[in-house]
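**Q** let's see this in three dimensions:
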Amino acid sequence: MQVFTSVLVLSIVFTVFVVTDIKGYKQRKIDSITSLAQLVGTNNISTLQFQDTDAATEILDELHNMSPEIVYASILDKNGNIFATYSRFNDSLHPRPVFGEKRFEFSGEHLFINNPIISNNEVIGKVLLEVELSELKQIRQSKYELSAILLLVALAFSFLIAFGIQSYISKRLLRLVNTMKRVIKTGELDKLELDNGKDEISTLNMVFNKLMLQIKESQERKDEFIGIASHELKTPLTTVKGYIDLLTLMEHAQPQKLYVQKAQDNLKKLENLIKDLLDVSKIQSGQLELNITEFDIDGLLDETIAALQMVTPSHDIIRKGIRGNHLIRADRQRLEQVLINLLSNAVKYSPGEKEVLVYCELTEKELIINIRDFGNGVPAEEQTNIFERFYRAKELSVYVSGFGLGLYICRDIINRHNGRIGVESGGKGSVFYFSLPLNAGLVNKK
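**A** Numbers count the residues shown, from 1 in each chain. Sure, this is the predicted structure:
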């Protein structure tokens, strides 16, 4: 844009320069030839009065020495009849220019002058001159060449200057953009971008830093509230859960027993939500710790599937893939939490289907556990956001309850195990997977 603006401005300047110079040349030529026409008219006053055609012709012939660029000249009497003529090429048939009332006129590279001959305030005739502007073509060509050379030189300098400025500006902007990308990717709001300049980019940088600080403070207050609320809710929830468990044992008549059972089911949902909120609070404060032990991952898979199958009669949870006694060093309880969350989501988001598949893959570098459902799938534009805190798929959030915390917690747990978690969805159904690396002795085979 800087180069384009420079070229545009310089082109306008050079155009004005060329046009002004050519216009100045034309005006100077008009003035000089008009003065010459007046001189010729003055010298021919007497020839017109005495009708001395030969003398008038001799005066016109002298124009060849006075101004060689004149190609035709003529003297008209007061009736407009030709009194005497001159032609540089001795061409008596040269067409007589028609002016009307104009004093001068340009036609191509020729200038025509029409000057009256006045005696005692009376017009007694006219002087007509035709001048060949041979210099005009040379002037145009030289000015165009000069303008083109100056434009190219100015363009080169403009490009070099713009390149230097662009590099300076782009470097600062790209640094700010990279900081924004890092914030989006990692959520680290405290890594501000410093810029000590005093221009618009520095202002943008300062506003961005203030915005990040405000977001950080807002998140800290929100996380603090979530942590306090979760802890405060946990104590009365435990008391209510105890009373409802007691009512479950005491009440046998219907429909009272059914009501107590529904209350117990909803209390379980509330308990799970509070646990998730506590986990989120621990994740945000960096207090989520792992209790690393060695255990059989296949045994954990079978136990988790069996436990979840008992409470989800609508779907068959089928284990496929490799089987073997794979010992793993990890937090058993947290991995069980990940499995329960992914399996529950597979059932929840595939209503009307009958199967959920669980299968393992073993590569040279990692152990991968895949959980496949046959529901509506996850839209491609939402797959990168689905593991963010409080994010829920737009099409599914209307009829499926939840707060968008489960996958966020799962991602953090797997990341803390140096693994990876993701989703693949295209067409019908989705495959959620997580992996555990084989390096550092995390996974071994008995």
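
**Q** so what's the residue count around residue 129?
**A** 25 (other C-beta atoms under 10 Å). Heads up, the C-betas are built off the backbone N, CA and C, glycines and all.

**Q** could you look up the SS state of it?
**A** Here residue 129 is strand, with the state taken from DSSP: H, G, I helix; E, B strand; the rest coil.

**Q** residues contacting it?
**A** Neighbouring residues of residue 129 by C-beta atoms under 8 Å, 6 or more residues apart in numbering: 33, 36-37, 40, 70, 72-73, 112-113, 115.

**Q** if we go to 10 Å?
**A** 33-34, 36-37, 40, 60, 63, 67, 70-74, 86, 97, 104, 111-115 (C-beta atoms under 10 Å, 6 or more residues apart in numbering).

**Q** got it, and residue 295?
**A** Per C-beta under 10 Å, 6+ apart, neighbours of residue 295: 326-332, 335.

**Q** in helices, which of the contacts of residue 129 fall?
**A** 33-34, 36-37, 40, 60, 63 (DSSP state H).

**Q** how distant is stretch 63-79 from the center of its chain?
**A** In this view, stretch 63-79 has its centroid 69 Å away from the chain centroid, taken as C-alpha atoms, centre = their mean, to the nearest Å.

**Q** buried sites along it?
**A** For stretch 63-79, burial by neighbour count (16 or more other C-beta atoms under 10 Å) applies to 63, 69-76.

**Q** before we move on, back to that, of the contacts of residue 295, just the buried ones, ChimeraX syntax please.
**A** Buried subset of those, written as a ChimeraX selection, criterion 16+ other C-beta under 10 Å:
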select :326,328,330,331,332,335
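
**Q** who does the helix or strand harbouring residue 160 touch, helix- and strand-wise?
**A** According to DSSP states H and E, residue 160 maps onto helix 134-186. If you count contacts as 3 or more C-beta pairs under 10 Å, 6 or more residues apart in numbering; DSSP states H and E, helix 134-186 packs onto helix 2-43, helix 200-250.

**Q** which of the buried residues of stretch 63-79 sit farthest apart?
**A** Greatest spatial distance among those (C-beta to C-beta): 69 and 76, at 21.5 Å.

**Q** return the residue of this structure that is most distant from the centre.
**A** Relative to the centre of the chain, the most outlying C-alpha is that of residue 50, 86.2 Å out, by C-alpha atoms, centre = their mean.

**Q** quick one: that residue and residue 124, what's the gap?
**A** Counting by C-beta to C-beta, to the nearest Å, the gap from residue 50 to residue 124 is 12 Å.

**Q** how about residue 264?
**A** Taken as C-beta to C-beta, the span from residue 264 to residue 124 is 128 Å.

**Q** which one's more surrounded, these two?
**A** residue 124 (17 against 14).

**Q** which SSE is the more buried one in?
**A** Taking DSSP H and E as the criterion, residue 124 maps to strand 122-132.

**Q** how far away from the center of its chain is that strand?
**A** 68 Å.

**Q** which parts of it count as buried, going by neighbours?
**A** By neighbour count on 16+ other C-beta under 10 Å, the buried set for strand 122-132 is 124-132.

**Q** same check, this time on stretch 330-343
**A** For stretch 330-343, using 16+ other C-beta under 10 Å, the buried residues are 330-332, 334-335, 337-343.

**Q** C-alpha coordinates for that stretch, CSV please?
**A** Output of stretch 330-343 as CSV, limited to C-alpha atoms (Å, rounded to 0.1, in the frame of the first residue of the first chain):
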residue,chain,number,x,y,z
ALA,A,330,-0.6,-43.7,36.0
ASP,A,331,-3.4,-42.4,38.2
ARG,A,332,-6.0,-45.2,38.2
GLN,A,333,-8.8,-43.2,39.6
ARG,A,334,-8.3,-40.3,37.2
LEU,A,335,-8.1,-42.6,34.1
GLU,A,336,-11.3,-44.3,35.3
GLN,A,337,-12.8,-40.8,35.5
VAL,A,338,-11.8,-40.2,31.9
LEU,A,339,-13.2,-43.5,30.7
ILE,A,340,-16.5,-43.0,32.5
ASN,A,341,-16.9,-39.5,31.1
LEU,A,342,-16.2,-40.6,27.5
LEU,A,343,-18.4,-43.7,27.7
